[in-house]
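>>> Provide a 3D model corresponding to the input given below.
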Amino acid sequence: MVKKAPGRPRQGESLTRERIIEASIELLDSSGEVGLTFRALSERLSTGPGAIYWHIANKSDLLSAACDAVVARAMDETVVTTPKETIRAVALGLFDAINEHPWVGSAITSSVGLSPIVRILEPVGEQIRALRVPEEQQWAAVGTLIAYILGVSKQNADNGQLARTRGFDRSDFLEAMSTAWSKLDPKQYPFAHSVAGQFREHDDRVDFISGIDLILKGIDSPRHRSGPQHKHAATLQR
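Numbering: from 1, shown residues only. As a prediction, this is how the structure comes out:
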């Protein structure tokens with residue numbers, strides 16, 4: 001029995017915006033943004049471009065909708081607990097989503113309008129408020145977290161794509177990097193030489209969340225708070 005290609009409609013199945021978006025995600029995952037064309041999408045859905053244009057205005061709208069769908073799923077799977085744990089969960093959810101769908105890293109920052117960036121902004125902002133960060137510092141705290149989350153997640157996904165394209169094995173690559181750094185002149189490159197051995201056991205996900213924890217520590221620092229209790233604590237530490 002011959003199986004139908006992924007994304008092709010079943011007989012009698014109507015074309016919807018949701019089905020178009022799902023097929024677009026499949027194309028983006030397999031071929032990247034360059035592979036997302038209305039012609040390729042029409043072939044995958046066994047329909048004409050006109051039927052797709054009825055639901056989607058243009059490629060920019062299509063890319064934004066696909067990105068929003070991926071981000072929405074990541075946010076829906078986030079379990080809300082304490083403010084810090086929720087921020088960690090949001091961060092890891094996006095890290096994993098962008099690792100699975102590398103094109104999302106660029107699409108998030110290029111999307112116009114409310115979605116998908118607001119889907120990330122809102123839960124992070126809510127938790128920053130729950131941590132009682134002074135209002136005048138909330139935007140800086142949220143902006144720092146989001147810049148770190150999106151920037152590091154995109155870099156990690158890009159590294160993975162590069163490794164797959166060039167046929168690198170991750171463990172071999174890290175071993176080679178560690179060996180090269182360990183041979184550096186410790187007087188000229190003291191820090192790089194000192195951390196060379198850590199590359200052999202390097203875990204991108206662990207390092208990523210460690211960075212989140214460092215940012216949260218800074219946000220939680222008494223000198224970044226303006227309430228009476230925090231001012232008193234800062235005075236005692238001087």
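>>> Chain neighbours aside, what residue packs nearest to I149?
For I149, the nearest residue in space outside its immediate sequence neighbours is A91; the separation is 4.9 Å by CB to CB, 6 or more residues apart in numbering. No exception for glycine: its C-beta is placed from N, CA and C like everyone else's.
>>> no wait, R129
In space, R129 comes closest to Q138 once its chain neighbours are excluded; the distance is 6.5 Å by CB to CB, 6+ apart.
>>> Also S153?
I98 (4.2 Å).
>>> cool, R200 as well?
Nearest residue to R200 in three dimensions, chain neighbours excluded: S178, at 5.1 Å (CB to CB, 6+ apart).
>>> by contact count, what packs against the helix or strand hosting R164?
Using DSSP states H and E, the element containing R164 is helix 135-166. Contact here means 3 or more CB pairs under 8 Å, 6 or more residues apart in numbering; DSSP states H and E; on that basis helix 135-166 packs against helix 83-100, helix 104-110, helix 117-130, helix 204-220.
>>> Report the inter-axis angle for the last one versus helix 83-100.
Per axes from the mean of the first three to the mean of the last three CA atoms, to 10 degrees, the angle that helix 204-220 makes with helix 83-100 is 150 degrees.
>>> Ok, the third one next?
Here helix 117-130 points in a direction 160 degrees away from that of helix 83-100 (the same axes, to 10 degrees).
>>> who touches helix 117-130?
Outside helix 117-130, the residues within contact range by CB atoms under 8 Å, 6 or more residues apart in numbering are 68, 71-72, 75, 78, 80, 83-84, 86-87, 90, 94, 108-109, 111, 138, 141-142, 145-146, 149-150, 219.
>>> Recalculate using a threshold of 10 Å.
Residues from elsewhere that reach helix 117-130 (CB atoms under 10 Å, 6 or more residues apart in numbering): 67-68, 71-72, 74-76, 78, 80, 82-91, 93-94, 108-109, 111, 114, 133, 135, 137-143, 145-146, 149-150, 216, 219.
>>> Make a PyMOL selection of the buried ones in those residues.
Selecting only the buried entries of the contacts of helix 117-130 in PyMOL, with 16 or more other CB atoms under 10 Å as the criterion:
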select buried, resi 67+68+71+74+75+78+83+84+86+87+88+89+90+91+93+94+108+111+133+141+142+145+146+149+150+216+219
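>>> thinking again about what came up before, out of the helices and strands packed on helix 135-166, which comes closest to E43?
With CB to CB as the measure, helix 104-110 is the member of the helices and strands packed on helix 135-166 nearest E43 (22.0 Å).
>>> What residues of the closest one count as buried?
So helix 104-110, judged by 16+ other CB under 10 Å, has buried residues 104-108.
>>> same deal with stretch 196-208?
Using 16+ other CB under 10 Å as the test for burial, stretch 196-208 gives 196, 199, 204, 208.
>>> Also stretch 46-59?
Residues of stretch 46-59 classed as buried under the neighbour-count rule (16+ other CB under 10 Å) are 47, 52, 55-56.
>>> List the contacts of T81.
Applying CB under 10 Å, 6+ apart as the definition, the contact partners of T81 turn out to be 88-89.
>>> SS state for it?
Three states are possible here, and by DSSP: H, G, I helix; E, B strand; the rest coil the one that applies to T81 is coil.
>>> mind giving me the domain split of this structure?
The record assigns the chain these domain ranges, following automatic domain parsing: 7-56, 77-168+203-237.
>>> Poorly predicted segments of this protein, please.
1-13, 111-114, 222-238 (pLDDT under 70).
>>> Against G93, how distant is W54?
For W54, the distance to G93 equals 33 Å [CB to CB, to the nearest Å].
>>> Ok, A74 next?
Applying CB to CB, one obtains 4 Å for the distance of A74 from G93.
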